[in-house]
Each structure stands twice: as C-alpha cells, then as structure tokens.
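> Show me the folded form of this:
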Amino acid sequence: MRYHRPKGYTTIPHMTRITTETTQLQDNQFLHPWEDIKALGKNRRTVINTADGVYIEDSDGNTLLDAPAGMWCVNIGHHRREMADTIAEQVMRLTYVSPWSLTSTPASQLAEKLSELTPGDLNHVFFTTGGSTAVDSALRFVMFRNNALGKPEKKQIVSRHNAYHGSTYLAASASGKPRDKTLLDTDTDTFHHISDPGPLNRPEGMNDFQYREHLANELERKILELGPDRVAAFIAEPILASGGVILAPDGYHAACLAVCRKYDVVYISDEVVTGFGRLGHYFASQDVFNITPDIITCAKGITSGYVPLGAFMVSDRLLSSITAEDPSIVFSNGFTYSGHPVACAAALKNIEIIDREQILDHVREIAPYFQQQLATLAELSMVRDVRGMGLMACVECTHPDDRPDSQEDIGNSVDRHCQALGLLVRPIVNKCVMSPPLIITRSQVDEMVDMLRVGIQRTAAEMATARKS
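Predicted coordinates:
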C-alpha cells in the first residue's frame, strides 16, 4: 500500500539537487532535540524537502501524509503562498525593531487581536519566541508578582506527572515526564507533581465523578501540604499532549480551578498545543473545558509553524494587583525577539486564514469522524487504548510480553512501517500520536487510518517473528 502524491501537489524547485545520503551525513553535525549522543555519526533521519497541504515529500520523492502536522503546529497546512507573501512583504517593510522602547504595527495589532480571542479579562499579551519561553516567562511573572505583593515565600509550583511544558529551566522543571529529564538538572525544590489524570490511572471501582473528585482532592492536599501561603501556581495542559494525549475526566479543570481560587493559587492553562484550533476553538480553556484561567500560554498554532512565536496572556486581575501595590514596578523579563514584526505579521495572516476559511467550524465537523475512524483500531490485538479529542489522538500499543522494557521500540517500529506506506506518525515509546493539519479531509482521515492499521499489523507480525526466533 502506498498513497501517491495528490492531484494538484506542486514540488518546490531546488537550485541544487543534494542527495539524501549527503544530507543525512551532514545532519550528524546537528544536535537534534532529544539527541541520542551515542548515535552521533550513525543517524540516518528521513530528509523532508517539500510540503503541500497535509502532505510532505522526502528527499527520495516519497509522499507522506503529515499526521503530526510537524509538531502539533502546521494547523492551516503547508505551502500557503499568502503566508509566504505576507512574511516576505513584512521583511521588506520592517525586518526588526527593539521591543524595549519601540513597537511595530504587527505586534500591536496582534496584541489587540489576542485580547479579543482570549476569555474573560485576559487582555494583555507578553510575546516570546516559542512555547518553552512562554511558559518560562509566565512562571517568572507569577513569582515576580508575589515578590511585588510582599509574598516572597509564595513560589511553589504544582504540575502533573506526564505533563510537558518545555525545555527552558523553569518549563522543564514544571514538566512531569521522567524520560525528558534524564541527566538534566531541574528545580525539584520549587516544583511538585500530582497524578496524571488519565482514565487508565483511575482506581478500580471509581466512576468518573468520583475520580474527578479524587484528583481535585489530591491537588488540594498538595497545596495544604506545601502551605497555601507558599504555593504560587498550578499549571496544566487542557489535554496532556506529549504525555500521550491524556484526557482528564469531565469537570476536572473546573474542579481544579475552584481549588486554586480557594487558596489564592494562580491557574495557568498551557495551550501551546490546544490553542488556535486543535480542538475547534481558538482557545480550549473556556469554550471546551468551561474555565477562565488567570494565564494562558500559546505558541505552535499561533503562526501554524511558519515562523517561531510564543506568548502568554495574563488577566487584568493579576496585573492590577501589582500596580495597586507599586505603580512604578518593572517586569524585567523579555527577549530580543519579543513581538518580532515578521512573526506577528505571520500570526495575523494565520488568524485571517483560519477565520476566512472557517477552519474552526471544519475541525468541529470532522473531529467526530476522525476519532470514530481511529477508534476502529482498538480491535487490533496490539492496541491497548485509543483516545483523543478534536484533531489530536493517541493509539497506545503494547508488546505481547507486556514488560516495560519491551515497549521501547513499538512506536518507532510502527512509524518505520507507516513511512514505507506513506504516513508519518509521531512515535512516543509505545504510543503513536496524531495531530494532523486542521484542513484534513474525510478521505485523508481514511488514508491515515488505513495506513496506520497496516503499520501496526506489520509491527505485530515482526515482533511475533522475533519472539519465535
């Protein structure tokens, strides 16, 4: 089975044709994220040269359906001419201006637009370079605020196991995936983790309501254990994305927000993945999960990955509490590229495209079909769980031996077989994660599921053969 380049697909010409082997050898000078150091010099990664819509093409001319949308981010799809034109026009108009004492029209317009899109009184925007720096800056802001309010001890942060919040120091400390911290230092004195709220962790005999209360009570116990006068914030992804698309029980976020309000703990909703349409809304916090947090972080889909940009939006309530204490206080945090005019212009065009093409409506219409088709994979013997919401999903597999050390290569094996068929998935240990461009069609969903099914079946057969030998 191999899906061919769709009609209308256009390959971007290259001035110089470089072989796959040459690029793969050169690539070993590139220390990639999560690089296996012992593999340096031996890596032979797939080389992606061109892309269009929901498809990418490797350097050998093979077309792949881009099920991860890059890294949860290419929401409007690849190869948008008007995005390229907007970026080029902004470069020629104004490449850069210092955000310290100056501003630009794109940054100002985007700040106003984001204040319109966010819920409640989250009316002010702090621009960063990506998701990690958005989370890091939000956490710094919370600590800064408590210093300004004369509460220097109120600095403890509560997060969750299997959460992912970024790679900068504070964001990595907030993250709760042990594999992401191997041999790396993080702040274990300030950051504390409570349970992953996934249904697979629900104690036997509990219904969803009881499980939700159990989890909310755990958060409250942690705050009381640390001391309410010492806990500054609780940070949570609406759906734990890189943890394996983990969904909490209904009402979980509202219950946790109520606990935070009770103890004057700031609630940070990390929407780096769920923001800008992944669940059919610009922001999922209020429209999907019925909460208005104190801070929302975002990145990825804000520009659909065309250029880097991140931000956090903060409530008027938090800001006004600082100025009431000292109107001259300065938040001495920022980046050379905060509010970069080219990135902000791209974000504005991205939002324009989403609105004009009614992409959010399309997500809400196609998401049930996406989830329904993926759910058919649960019949495969190797599949332990299929879960998701909107246009994000995870197919969790298990090795027949069901030993922790036997799960390591399942995701990579499925991805390898799927690439041979024409599908790119994101492997995370024994999980296959999918978050396709939001413009995906029903027929493309069918292609994706058909190829993933065969990829899992081939992996199961391969492992069965290996067990016999």
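> Quick one: low-confidence residue ranges for the stretch 1-150 of the chain.
Where the stretch 1-150 of the chain drops to pLDDT under 70, the residues are 1-17.
> quick one: the strands in it?
In the stretch 1-150 of the chain, the strands defined using DSSP state E, counting those that start in this stretch lie at 48-52, 55-58, 63-66, 122-128.
> Of those, give the one that comes closest to residue 94.
Of all the strands of the stretch 1-150 of the chain, strand 122-128 sits nearest to residue 94, with 15.5 Å by CB to CB. In this view, the C-beta of every residue, glycine as well, is placed from N, C-alpha and C.
> who does that closest one touch, helix- and strand-wise?
Applying 3 or more CB pairs under 8 Å, 6 or more residues apart in numbering; DSSP states H and E, we find strand 122-128 packed against helix 105-117, helix 131-148, strand 310-315, helix 316-325.
> With respect to burial, which of the ones you listed scores highest?
Most buried of these by mean neighbour count (mean count of other CB atoms under 10 Å) is strand 310-315; its value is a mean of 27.
> how far does that one sit from the chain's center?
With CA atoms, centre = their mean, to the nearest Å as the basis, strand 310-315 stands 16 Å off its chain's centre.
> For that strand, which outside residues touch it?
114-115, 118, 120-135, 137-138, 141, 272, 294-299, 302 (CB atoms under 8 Å, 6 or more residues apart in numbering).
> how's this protein carved up into domains?
The record, using automatic domain parsing to delimit domains, assigns the chain the ranges 20-76+358-468, 83-356.
> Distance-wise, check the nearest residue to residue 118 once chain neighbours are set aside relative to residue 298.
Nearest non-adjacent residue to residue 118, counting by CB to CB, 6 or more residues apart in numbering: residue 313, 4.8 Å away. Relative to residue 298, residue 313 is positioned 7 Å away (CB to CB, to the nearest Å).
> Ok, residue 228 next?
Distance of residue 228 to residue 298, computed by CB to CB: 29 Å.
> More neighbours: which of those two?
More neighbours surround residue 298 than the other of residue 228 and residue 298, with 29 against 14 (other CB atoms under 10 Å).
> which non-adjacent residue is nearest the more buried one?
residue 275 (4.1 Å).
> That neighbour against residue 304, yeah?
No - with contact defined as CB atoms under 8 Å, residue 275 and residue 304 do not form a contacting pair (11.4 Å).
> number of nearby residues for residue 372?
11.
> Without its sequence neighbours, what residue ends up closest to residue 54?
residue 437 (4.7 Å).
> Spell out, range by range, the strands that occur in the stretch 201-350 of the chain.
With DSSP E, counting those that start in this stretch as the criterion, the stretch 201-350 of the chain has strands spanning 231-236, 266-270, 295-298, 310-315.
> out of those, nearest to residue 60?
Ranking those by proximity to residue 60 (CB to CB) places strand 310-315 first, at 33.9 Å.
> which one is residue 164 nearest to, not counting chain neighbours?
The spatially closest residue to residue 164, leaving aside those adjacent along the chain, is residue 242, at 3.9 Å (CB to CB, 6+ apart).
> Model confidence score at that neighbour, please.
Residue 242 is assigned a predicted lDDT (pLDDT) of 95.
> so how many other residues sit close to it?
22.
> likewise the one 4 residues further on?
Each residue near residue 246 was counted by other CB under 10 Å, and the total is 22.
> My guess is it contacts residue 240. True?
Yes - applying CB under 8 Å as the test, residue 246 and residue 240 come out as touching, 3.8 Å apart.
> For the longest helix anywhere in the chain, the averaged confidence score.
If you go by DSSP state H, the chain has its longest helix at helix 442-468. Helix 442-468 comes out with an average pLDDT of 92.
> what about residue 45, how many neighbours?
Residue 45 has 11 neighbouring residues, counting by other CB under 10 Å.
> Name all residues that make contact with it.
Residues near residue 45 by CB under 8 Å, 6+ apart: 24, 27, 32.
> Return the distance of it relative to residue 242.
In this view, residue 45 and residue 242 are 19 Å apart by CB to CB.
> okay if I get the strands of the stretch 1-150 of the chain as TSV plus mean neighbour count and distance to residue 284?
Output for the strands of the stretch 1-150 of the chain, formatted as TSV (neighbours: other CB atoms under 10 Å; distance: least, CB to CB, whole Å):
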stretch	mean neighbour count	distance to residue 284
strand 48-52	18	26
strand 55-58	20	26
strand 63-66	24	22
strand 122-128	22	14
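> Find me the pLDDT at the most centrally placed residue in the chain, would you?
The centre of the chain sits closest to residue 273, judged by CA atoms, centre = their mean, with a distance of 3.0 Å. Model confidence at residue 273, given as pLDDT, is 98.
> Once you drop chain neighbours, what's closest to it?
Leaving out its chain neighbours, the residue that sits closest to residue 273 by CB to CB, 6+ apart is residue 241, at 4.1 Å.
> Quick check, the one you found in contact with residue 271.
No - using CB under 8 Å, residue 241 is not in contact with residue 271, being 10.1 Å away.
> In terms of neighbours, single out the busier of the two.
residue 271 (31 against 24).
> tell me the contacts of the more buried one?
By CB under 8 Å, 6+ apart, the neighbours of residue 271 are 237, 238, 283, 284, 285, 296, 297, 298.
> cool, and residue 350?
Residues near residue 350 by CB under 8 Å, 6+ apart: 75, 76, 83, 276, 301, 302, 303, 304, 306.
> Which neighbours do residue 246 and residue 240 have in common?
By CB under 8 Å, 6+ apart, the residues touching both residue 246 and residue 240 are 162, 196, 197, 198.
> Which helix or which strand is home to the second one?
When secondary structure is defined using DSSP states H and E, no element contains residue 196, which sits outside every helix and strand.
> any idea how far it lies from residue 71?
Relative to residue 71, residue 196 is positioned 21 Å away (CB to CB).
> what does the third one give?
Residue 197 sits at a distance of 23 Å from residue 71 (criterion: CB to CB).
> out of the two, which sits in the more crowded spot?
Legend: neighbour count by other CB under 10 Å for residue 197 and residue 71, higher for residue 197 (26 against 15).
> how about residue 114, what does it touch?
Here residue 114 is in contact with 125, 311, 313 (CB under 8 Å, 6+ apart).
> for residue 437, same thing?
53, 54, 66, 69, 74, 75, 76, 77, 78.
> mind listing the helices for this protein?
Per DSSP H, the chain carries helices over the ranges 20-27, 69-72, 81-93, 105-117, 131-148, 169-174, 208-226, 252-262, 284-287, 316-325, 341-356, 359-375, 410-421, 442-468.
> Nearest to residue 36, out of those?
Checking the helices of the chain against residue 36 by CB to CB gives helix 410-421 as the closest, at 11.5 Å.
> I'd like the contacts of residue 114 as CSV, with distance to residue 178 appended.
CSV is the format used below for the contacts of residue 114 (distance: CB to CB, whole Å):
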residue, distance to residue 178
125, 33
311, 29
313, 30
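> Closest one to residue 399 out of the residues you listed, please.
In terms of CB to CB, no member of the contacts of residue 114 lies closer to residue 399 than residue 311, at 41.0 Å.
> From residue 355, how far off is the closest one?
Residue 311 sits 19 Å away from residue 355 when distances are taken as CB to CB.
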